[in-house]
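# need the 3D shape of this:
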Amino acid sequence: QVQLQESGPGLVKPSQTLSLTCTVSGGSITTNYYAWSWIRQPPGKGLECLAFIFASGSTAYAPSLKSRTSISRDTSKNQFILQLTSVTPEDTAVYYCAERDQYGVYHYWGQGTQVTVSS
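Alright, predicted model coming up:
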């Protein structure tokens, strides 16, 4: 059973860089699974996929956030990492990491971590 766990700061100041880590257990991020994603849900809004990294290491980004977003991985720790630069209060959301297949279906999710952008 694949399990995902997000970690990172709960509070970030405007203009800073948000960094979140997803630790995966029960499966390798480099084999057997298609891609690994970061998704967020702002208060009162729907889910938004920010970025994903394929098992090969290739990456893809949501066009609206591409200039501020970076996804990477640490294969030695079986982790993948999101960085979001120049955050504003509009980046306040619950951030999730999740596994997705080639059809865009998400099978495994982390529990989510609340990130608040405020001075």
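
# for stretch 12-23, list every residue counted as buried.
Within stretch 12-23, the residues scored as buried using 16 or more other CB atoms under 10 Å are 12, 18, 20-23. (Each C-beta comes from the backbone N, C-alpha and C, glycine too.)

# just these: which are in strands?
Those of these mapping onto strands are 12, 18, 20-23, per DSSP state E.

# so where's the protein shaky on pLDDT?
Of all residues in the chain, none has pLDDT under 70.

# contacting residues around the residue nearest to the spatial centre of the chain?
Most central residue of the chain, judged by C-alpha distance to the mean C-alpha position with CA atoms, centre = their mean, is W38 at 2.4 Å. Residues near W38 by CB atoms under 8 Å, 6 or more residues apart in numbering: 20, 22, 49-52, 71, 82, 95-97.

# where exactly do the strands run in this structure?
Assigned by DSSP E, the strands in the chain fall at 3-7, 11-12, 18-25, 35-41, 48-54, 59-61, 69-74, 79-84, 93-100, 106-109, 113-117.

# in JSON lines: the contacts of W38, plus distance to V117.
Formatted as JSON lines, those follow (distance: CB to CB, whole Å):
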{"residue": "L20", "distance to V117": "13"}
{"residue": "C22", "distance to V117": "20"}
{"residue": "C49", "distance to V117": "19"}
{"residue": "L50", "distance to V117": "15"}
{"residue": "A51", "distance to V117": "18"}
{"residue": "F52", "distance to V117": "22"}
{"residue": "I71", "distance to V117": "19"}
{"residue": "L82", "distance to V117": "14"}
{"residue": "Y95", "distance to V117": "11"}
{"residue": "Y96", "distance to V117": "17"}
{"residue": "C97", "distance to V117": "19"}
